[in-house]
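Colleague: no FASTA, just this:
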């Protein structure tokens, strides 16, 4: 076992897949000799050469479009968005071209688009976004969002091996903050579409993903210590397709649900989860399904402002207390 | 092809390295394109075409001639056509019956009723259907030709873009990306004077589209798009340069869209005398026929024979599919993903 960071786990997963399968190549801005803005691809050019590690112009639509073309021809491209905020520049290419290709035209498009997401890092409006809701609505795409080092590795490997286009959302606040002992020499592949029970509990369920998994776990610990409330925490890991079965299982056990995500509230993933619980487990609920999310504003820069806008551990504790007492 | 002896007394040498059979084959594709579109117009008027109908009248020459310059067959060159490049698809091996089924949304159409008109593909035969978002096929074809380059394959891609399409962001991004990567890609930019109802002077401030390409460091030229042999020769040369490692090649073809954007469009924004001039003085098929006969590369009866065979072929293709059923509603759910195999049937449909 070796202790690896979330970022190192992602790097290892990408590296191992490139070693395993010569159809895999990566493309993006400054990913070659520079090694990427966060050094995820450091050393890749030296090992795999410029043919498989392609520095591109600042052209997100072209990066994704070219990845699609290469995927049609049987390659396995992994495209990096330097910050995931810039994926909006490739929105048309992803939603109109890539997502529809199999359905409308029978074209296999096995590609991965990955990039650093999320706030809590004082990045301001354009280096802190969580873009999942913009793509969650699009049939044909898959979306994974690892919260642990093990899943950072396991999901990048699964995403590369998947025959469908996958958005791999990685959280930059977790890059070097989260560490985990991972076995050497053992293949780690996290199945797409399966949530993970991160903490067992009986009083209420916290359904979450990404950075707020860690804040939810902190909150659950505090609730246990201070209130004797046993909160269950479900780490979704995959957002599209959602693991309805795991969510419903937890609801039937605890009868109360708090959905926590870092993305803004309106039109966010929590709304869809709420609707599904309503459809599939209405009779099992002992209280309203509640949400803890970012406020509906662009993410501001100043620490005081960002801290106010984003959901904090204390917010989750308070909301869970409210719900537990309902 | 018929094997009539070539008239020799006054005939000029055959052009562009083409054989007499190839000259007639090009003519057959031109005629096939026009006749198929005329048949589609009739079917449209009978309400048998489900959606809009898009004509390439007046532009068939550049579509056919440019595609004819590619190497065809499994694992050979790939092109990506636009709505007015039916001719290029036929050259690559798309069958009239497939086009008819697509327009009529038949269950047996290549996309099983999921997509419209020429929006379908067969990478084995070498064509990749467009989506409606103009410009998007340039980055995709950049990726396809990048793959040729990475694999060391001696293959070339060709992509069409309209004058209006050159205003999109994906056109710029894709062309620049392909230029930097020196992808073996040939771009045919069709200056046909109308982007729906918008004329060039409201679309861009350059005179020729080739000027745009030069800004990306791409070798570019302009050719008379209604001169079939000129387009063929220019494309042939560009394809050879691309295949030889010369990077992206850009050919602007000057042509003219003689019909509206689609059949519903009455073209009230186009001066009638302009339409008449292009129809009477600059029709690509008429011009090609005139060349073939004037230079005695063929005889009139060779052409009428082809016309007749094409007419029979289109009749048979129409008869084969016009009464076919539309797709069964249930067939709509599978195939969004490789896995899971089908989308969920929603609960209210089981009530």
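Modeller: Nice, thanks for sending it over. What you see is a predicted model; the values in this text were computed from it and never measured. Numbering: from 1, shown residues only, chains lettered A, B, ... in the order given.
Colleague: Just to check, residue A:128 is in contact with residue A:116?
Modeller: No. Counting by Cβ atoms under 8 Å, no contact exists between residue A:128 and residue A:116, whose distance comes to 9.7 Å. Bear in mind the C-beta positions are built from the backbone N, C-alpha and C, glycine included.
Colleague: need the contact list for the closest residue to residue B:192 other than its chain neighbours.
Modeller: Leaving out its chain neighbours, the residue that sits closest to residue B:192 by Cβ to Cβ, 6 or more residues apart in numbering or on different chains is residue B:257, at 4.2 Å. Residues in contact with residue B:257 (Cβ atoms under 8 Å, 6 or more residues apart in numbering or on different chains) are B:57-59, B:84, B:192-194.
Colleague: Is any residue of stretch B:334-351 near chain A?
Modeller: Yes. For stretch B:334-351 and chain A, the contact criterion (Cβ under 8 Å from any Cβ of the partner chain) is met by B:335-340, B:343, B:347.
Colleague: Residue B:293 against residue B:300, yeah?
Modeller: Yes. Taking contact to mean Cβ under 8 Å, the distance of 6.4 Å between residue B:293 and residue B:300 places them in contact.
Colleague: The two: who's more crowded?
Modeller: Taking other Cβ atoms under 10 Å in any protein chain shown, residue B:293 and residue B:300 do not tie; residue B:293 has more neighbours (14 against 10).
Colleague: for that one, what are its contacts?
Modeller: Taking Cβ under 8 Å, 6+ apart as the criterion, residue B:293 is in contact with B:299-300, B:303.
Colleague: Would you reformat those as TSV and include distance to chain A and secondary structure?
Modeller: As requested, these are arranged in TSV below (distance: Cβ to the nearest Cβ, whole Å; DSSP: H, G, I helix; E, B strand; the rest coil):
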residue	distance to chain A	secondary structure
B:299	42	coil
B:300	42	helix
B:303	36	helix
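Colleague: Need those residues in a markdown table (columns: distance to residue A:196).
Modeller: Putting the contacts of residue B:293 into a markdown table (distance: Cβ to Cβ, whole Å) gives the following:
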| residue | distance to residue A:196 |
| --- | --- |
| B:299 | 77 |
| B:300 | 76 |
| B:303 | 71 |
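Colleague: From residue A:153, how far off is residue A:82?
Modeller: Here the criterion is Cβ to Cβ, to the nearest Å. By it, residue A:82 lies 21 Å from residue A:153.
Colleague: For the longest helix seen in chain A, name the packing helices and strands.
Modeller: Of all the elements of type helix in chain A, the one with the most residues (DSSP state H) is helix A:211-227. Using 3 or more Cβ pairs under 8 Å, 6 or more residues apart in numbering or on different chains; DSSP states H and E as the contact test, the elements touching helix A:211-227 are strand A:196-199, strand A:204-208, strand A:231-235, strand A:257-264, helix A:313-324.
Colleague: closest to residue B:37 out of these?
Modeller: Set against residue B:37 and scored by Cβ to Cβ, those come closest in strand A:257-264, at 48.9 Å.
Colleague: what is the mean pLDDT for that closest one?
Modeller: Along strand A:257-264, the predicted confidence averages to a pLDDT of 98.
Colleague: Show me what that strand is packed up against.
Modeller: Contacts defined by 3+ Cβ pairs under 8 Å, 6+ apart place strand A:257-264 against helix A:132-136, strand A:204-208, helix A:211-227, helix A:269-281, strand A:290-294, helix A:313-324.
Colleague: JSON lines for these, including mean neighbour count?
Modeller: What follows is these, written out as JSON lines (neighbours: other Cβ atoms under 10 Å in any protein chain shown):
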{"stretch": "helix A:132-136", "mean neighbour count": "20"}
{"stretch": "strand A:204-208", "mean neighbour count": "29"}
{"stretch": "helix A:211-227", "mean neighbour count": "21"}
{"stretch": "helix A:269-281", "mean neighbour count": "17"}
{"stretch": "strand A:290-294", "mean neighbour count": "22"}
{"stretch": "helix A:313-324", "mean neighbour count": "19"}
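Colleague: Can you say which of the ones you listed is nearest to residue B:94?
Modeller: Judged by Cβ to Cβ, the one of the helices and strands packed on strand A:257-264 that comes nearest to residue B:94 is helix A:132-136, at 32.8 Å.
Colleague: Nearest to chain A: which residue in the stretch 251-351 of chain B?
Modeller: Relative to chain A, the nearest point of the stretch 251-351 of chain B is residue B:338 (3.6 Å; Cβ to the nearest Cβ).
Colleague: Could I get the contacting residues of that residue?
Modeller: Shown here is residue B:338, whose contacts under the criterion Cβ under 8 Å, 6+ apart are A:102, A:108, A:110, A:162-164.
Colleague: Narrow these to those in helices?
Modeller: Checking the contacts of residue B:338 against DSSP H, those in helices are residue A:102.
Colleague: Pull out the buried residues from the contacts of residue B:338.
Modeller: Among the contacts of residue B:338, those scoring as buried are A:102, A:110, A:162, A:164 (criterion: 16 or more other Cβ atoms under 10 Å in any protein chain shown).
Colleague: farthest-separated two in these?
Modeller: Pairwise distances across the buried ones among the contacts of residue B:338 (Cβ to Cβ) peak at 12.1 Å, for the pair A:102 and A:162.
Colleague: secondary structure class for residue B:258?
Modeller: Secondary structure state of residue B:258, per DSSP: H, G, I helix; E, B strand; the rest coil, is coil.
Colleague: wait, what's in contact with it?
Modeller: Counting by Cβ under 8 Å, 6+ apart, residue B:258 makes contact with B:55, B:57-59, B:275, B:278-279.
Colleague: I'd like the buried ones among the contacts of residue B:338 as JSON lines, with pLDDT appended.
Modeller: As requested, the buried ones among the contacts of residue B:338 are arranged in JSON lines below (pLDDT from 0 to 100):
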{"residue": "A:102", "pLDDT": "98"}
{"residue": "A:110", "pLDDT": "98"}
{"residue": "A:162", "pLDDT": "98"}
{"residue": "A:164", "pLDDT": "98"}
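Colleague: Please go through those and note which also touch chain B.
Modeller: Among these, the residues that sit close to chain B (Cβ under 8 Å from any Cβ) are A:102, A:110, A:162, A:164.
Colleague: Need those residues in CSV (columns: distance to residue B:285).
Modeller: As requested, those are arranged in CSV below (distance: Cβ to Cβ, whole Å):
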residue, distance to residue B:285
A:102, 38
A:110, 43
A:162, 48
A:164, 44
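Colleague: picking that back up, between residue A:82 and residue A:153, who's got more neighbours?
Modeller: Regarding residue A:82 and residue A:153, a neighbour count based on other Cβ under 10 Å identifies residue A:153 as having more, with 28 against 18.
Colleague: any idea of the pLDDT on that one?
Modeller: You'll see residue A:153 listed with a pLDDT of 98.
Colleague: Pull up the gap between it and residue B:320, please.
Modeller: In terms of Cβ to Cβ, residue A:153 sits 54 Å off from residue B:320.
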